[in-house]
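> With the sequence up front, the predicted model follows.
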Amino acid sequence: MADILTLCTTFLGLFMVVPMFALGRTRPANRWLGWFLLSISLLSLADVVTRYQPVFFGLCDWPVACIGAFYYCYVRSLLGLGNGRRQVMHFIPLALLLIALVGARIFVPLPALLKWLFGDGRGAFGALLLGFQLLAVGYGVAVLLRLREYRTRLRQRFSSTGDRDLAWLTWLSVIILSLLFVWVPANVLGGAWGWALVVGRLTMLYVLGWYGMRQSGVFLLPLAPVANPATPVDTAQSSAAINPLVDPLVDHSEAALIADEKYVRSGMTEAAQQLIGERLQHRMALQKDYLQSELTLTELADRIGTSPQLLSQYINHFLGLNFFDYINGLRVAEVQRMMQANGSRQQTLLELAFAAGFNSKSTFNASFKKTCGLTPSHWRFLHAEASAPIG
């Protein structure tokens with residue numbers, strides 16, 4: 001039965017590979033996803049073939065050296081980080097394995113090779129497999145770290161993350177990492193571990209086919225570095241103080257997309273800091289840009305006449321918040337104001353949240369709890385009692 005499910009996994013994966021490569025022409029991430037699915041399919045087939053016909057060892061086993069790298073490159077591409085020449089290094093283990101396999105088949109007699117690989121239990125094959133499995137686990141951890149960095153950058157630029165947060169990809173990566181951990185005892189102990197691996201692979205292929213095929217790259221733009229530091233000027237020189245030259249070329253390379261380099265060359269002066277603070281406070285009080293549900297850092301920076309980098313620096317360093325928390329904190333305050341207004345009892349909490357700029361119930365609840373330490377309904381109950389009319 002396990003072999004049947006394993007073969008089902010193989011054929012399902014191979015069936016999905018074709019459209020993935022076809023979609024890869026317009027969505028590069030899907031090409032990497034296709035390679036990852038092909039790796040899963042071949043390794044599933046190898047589980048059956050190698051057990052019954054060891055002579056075919058290597059024909060379907062080679063993806064063991066690159067399955068983690070394929071998924072890592074898929075996530076990089078999906079996050080807009082790209083995969084340039086530097087990423088070739090991730091496939092050095094694959095090249096070494098292929099050279100070793102070809103060389104062994106040419107120069108070592110087949111009976112001696114099979115005895116060395118599978119003799120005394122699992123022989124050398126067990127040690128090689130364990131090493132490559134641990135390598136794949138390392139790539140799984142690297143993927144989770146990349147996604148964490150991405151979510152941090154996302155909150156520096158957007159007031160509403162929506163589908164941009166790629167929550168499905170985070171959960172999928174956790175599932176894949178769990179399967180990579182299961183992969184080790186499944187090959188050593190078998191039994192229930194082997195069943196868990198087979199069922200997990202089949203489930204993962206279904207999830208990847210449903211979600212992964214439809215995704216395009218995010219291409220989250222970095223905060224552009226400032227080309228030249230601004231020179232200190234008097235506060236009255238507002239434009240010169242908060243409009244340093246910004247490099248018009250946006251670099252999608254890894255170095256530009258990882259972190260924001262802590263504003264090393266931002267050119268922030270005391271005058272610029274004061275002007276940004278005044279304009280930001282004035283803008284929020286009068287225009288209330290936070291009511292715009294899809295407000296971005298770039299849009300707000302343009303409206304107050306500064307660069308996204310300087311505005312981000314002001315919010316991060318001088319307010320101690322990221323852009324996401326800053327804007328949603330203002331939205332929470334707006335909801336609180338509306339809760340205490342006459343007639344607000346006729347409106348639901350979700351209606352008030354949407355009116356204040358939130359576009360997600362989960363974001364509203366999380367932001368409200370983080371800001372006030374209470375749920376929206378509890379806060380409303382307490383303050384409705386406190387402000388009830390007399391007489």
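Structure's in. What do you need? Residues are numbered from 1 along each chain as shown.

> When you work out contacts or count neighbours from here on, use the C-alpha atoms and nothing else.
Will do.

> V102: neighbour count?
12 (other CA atoms under 10 Å).

> Same check on Y71?
Neighbours of Y71 (other CA under 10 Å): 25.

> Now the phi/psi pair for it, please.
Phi and psi for Y71, reported as degrees, to the nearest 10, are phi -70, psi -40.

> before we move on, what about S293?
The phi/psi pair for S293 (degrees, to the nearest 10) reads phi -60, psi -30.

> That one - nearest residue in space that isn't next to it in sequence?
Distances taken as CA to CA, 6 or more residues apart in numbering put G357 closest to S293, at 4.4 Å, once the chain neighbours are dropped.

> any idea of the mean pLDDT in the top helix by length along the chain?
If you go by DSSP state H, the chain has its longest helix at helix 123-157. Averaging pLDDT along helix 123-157 gives 89.

> And for stretch 344-362?
Averaging pLDDT along stretch 344-362 yields 90.

> Relative to the whole chain's centre, how far out is it?
Relative to its parent chain, stretch 344-362 has a centroid offset of 28 Å by CA atoms, centre = their mean, to the nearest Å.

> ends of that stretch, how far apart?
For stretch 344-362, the first and last residues are 21 Å from each other (CA to CA, to the nearest Å).

> so how far is G373 from the residue nearest to S293?
20 Å.

> Any regions of the stretch 101-250 of the chain where pLDDT drops low?
Scanning the stretch 101-250 of the chain for pLDDT under 70 picks out 120-123, 188, 209-250.

> What segments of the stretch 151-300 of the chain are helices?
With helices called from DSSP state H, counting those that start in this stretch, the stretch 151-300 of the chain shows them at 167-188, 192-211, 238-242, 254-257, 270-286, 297-304.

> most tightly surrounded among those helices?
Among these, helix 238-242 has the highest mean neighbour count (mean count of other CA atoms under 10 Å), at a mean of 20.

> quick one, what contacts V199?
V199 is in contact with L5, counting by CA atoms under 8 Å, 6 or more residues apart in numbering.

> ok, now T9?
Residues counted as contacts of T9 (CA under 8 Å, 6+ apart) are S41, S44, V198, R201, L202, L205.

> and the gap between the fifth one and R105?
With the distance defined as CA to CA, L202 ends up 32 Å from R105.

> Tell me where the model's unsure across the stretch 251-391 of the chain.
The model of the stretch 251-391 of the chain has pLDDT under 70 over residues 251-267, 384-391.

> who's more crowded, G357 and G373?
G357 (26 against 12).

> Phi, psi for that one please.
phi 110, psi -10.

> so L81 sits in a strand?
No - counting by DSSP: H, G, I helix; E, B strand; the rest coil, L81 is located in no strand; its state is coil.

> any idea of the pLDDT on it?
Note on L81: pLDDT of 86.

> how's this protein carved up into domains?
Following automatic domain parsing, one gets these domains for the chain: 2-214, 238-386.

> just curious, which of the contacts of T9 is nearest to A127?
Closest approach to A127 among these (CA to CA): S44, at 18.8 Å.

> Can you tell me the closest non-neighbouring residue to the residue nearest to the spatial centre of the chain?
For the chain, L147 is the residue whose C-alpha lies nearest the centre (CA atoms, centre = their mean; 2.9 Å). Spatially, and ignoring its direct neighbours in sequence, L147 is nearest to T170 (6.9 Å; CA to CA, 6+ apart).

> Fine by me, thanks again.
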